[in-house]
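Peer 1: Kindly return the folded structure for what I paste below:
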Amino acid sequence: QLQLEESGGGLVQPGGSLKLACTASPSTLDHYAVGWFRQAPGKEREGVVCITSMNDRTWYADSVNGRFVASRESGQNTMFLQMNNLKPEDAGVYYCAADTLMCYSDMAYWGKGALVTVSS
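Peer 2: Model prediction:
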């Protein structure tokens, strides 16, 4: 069974940058659709980024488009989320997820989350 683990969370000032990593085991992330989701206190979890399994097309939520960049490399077991120009509303627990089919709210595999705090 695929296991995912996020890393790289932390405290950053508004306008700053942070890079999250999601490491999979025991296999690579090839052939999986992968996504990043986040959940702020008192709010529902929302999708932030999705990378499709077929051709690595990437979708970004409007709220992060132009500021966040998701990436992964073929044959690797790690994907990344580079977050730039962070805003207080970007704070929350960030989860990576994977599924053999597509990105959606109930993907098959989830990490435990990484906390991102954006505050001065």
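Peer 1: gap between Glu73 and Thr52?
Peer 2: To Thr52, Glu73 is 15 Å away according to C-beta to C-beta, to the nearest Å. In short, each C-beta sits where N, CA and C put it, glycine included.
Peer 1: Then Val69?
Peer 2: Using C-beta to C-beta, we find Val69 at a distance of 16 Å from Thr52.
Peer 1: What's opposite the spatially most central residue of the chain in the beta bridge?
Peer 2: Nearest residue to the geometric centre of the chain (C-alpha atoms, centre = their mean): Trp36, 2.6 Å. Beta bridges link Trp36 to Val49, Cys96 when assigned by DSSP bridges.
Peer 1: how close does it get to Gln1?
Peer 2: Relative to Gln1, and taking C-beta to C-beta, Trp36 is found at 20 Å.
Peer 1: and what of Val69?
Peer 2: Taken as C-beta to C-beta, the span from Val69 to Gln1 is 29 Å.
Peer 1: Show me the strands in this structure, by range?
Peer 2: 3-7, 10-12, 18-25, 33-39, 46-51, 58-60, 68-72, 78-83, 92-99, 109-110, 114-118 (DSSP state E).
Peer 1: I'd like these written out as CSV, with mean pLDDT added.
Peer 2: CSV is the format used below for these (pLDDT from 0 to 100):
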stretch, mean pLDDT
strand 3-7, 97
strand 10-12, 97
strand 18-25, 96
strand 33-39, 96
strand 46-51, 96
strand 58-60, 94
strand 68-72, 95
strand 78-83, 96
strand 92-99, 97
strand 109-110, 96
strand 114-118, 98
